[in-house]
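Asker: quick one, structure for this:
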Amino acid sequence: MNQESTKRIVPQRQTLDEAYSPPANYLEISLTDSQTHGEGRARFTDFKLEMRTNMPVFKMKESSVRRRYSDFKWLRDEVSRTVQIMMPALPGKAFAKQLPFINNDDGIFEVEFVEERRRGLEEFINKVAGHPLVQGERCLHMFLTEAELDKANYVPGKVAN
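Answerer: Just a heads-up that it's a prediction; the model follows:
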């Protein structure tokens, strides 16, 4: 038997320059700065979404937009329609929290609930945007970079490279 064919492959040692250089491709998305707007039934909370990347599929390398829960739901529905992947779940709607008079609290506008939702939405968007099959979708690019989401005139499709 040939000993050469069963010999272990010895990996090359990584240099310090390689270890500490910027990653080849990165996509960083963070959700911060929750703000509650409006009064009564027209009240809602939105978050600042910041994106940084060096991936060629994204024309804009940095962006900052504000998004609310319903925008994340729209993105999930659009991606589900066009890409056949297992979609991560959005954080729950918290129906009991929408009736603040039951617990005599601020309901879905409580600081703890808003922070829990922010973490869940941040995890969701990072999982979705990190999927290679989703990265070319027009809806994701709109969601991450356009200040106003024009959902009414949105046409599904891929972004041009």
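
Asker: A129 contacts L27, correct?
Answerer: Yes. At 6.0 Å, A129 counts as touching L27 under the criterion of C-beta atoms under 8 Å. The way it works is simple: take the backbone N, C-alpha and C, and place the C-beta from them, glycine included.

Asker: okay, and the helix or strand of the chain with the least pLDDT?
Answerer: Using mean pLDDT, DSSP states H and E, the weakest-scoring helix or strand in the chain turns out to be helix 100-103, at a mean of 50.

Asker: ok, then the element right after that one?
Answerer: Downstream of helix 100-103, the next assigned helix or strand under DSSP states H and E is helix 111-129.

Asker: contacting residues around that following helix?
Answerer: 27, 29-32, 34, 36, 45, 47, 49, 51, 69, 72, 75-76, 79, 87-91, 94, 97, 107-108, 134-135, 140, 144 (C-beta atoms under 8 Å, 6 or more residues apart in numbering).

Asker: give me that answer again for 7 Å
Answerer: For helix 111-129, contacts defined as C-beta atoms under 7 Å, 6 or more residues apart in numbering pick out 27, 29-31, 34, 45, 47, 69, 72, 79, 88, 90-91, 94, 97, 134-135, 140, 144.

Asker: do stretch 135-145 as well
Answerer: 51, 57, 60, 63, 65, 71, 75, 78-79, 82-83, 129, 134, 149, 154, 156-159.

Asker: report the buried members of the contacts of helix 111-129.
Answerer: 27, 29-31, 34, 45, 47, 69, 72, 79, 90-91, 97, 134-135, 140, 144 (16 or more other C-beta atoms under 10 Å).

Asker: distance between stretch 112-119 and the chain's centre?
Answerer: When C-alpha coordinates are averaged (C-alpha atoms, centre = their mean, to the nearest Å), stretch 112-119 and its chain have centres 15 Å apart.

Asker: what is the rounded mean pLDDT of that stretch?
Answerer: Mean per-residue pLDDT for stretch 112-119: 88.
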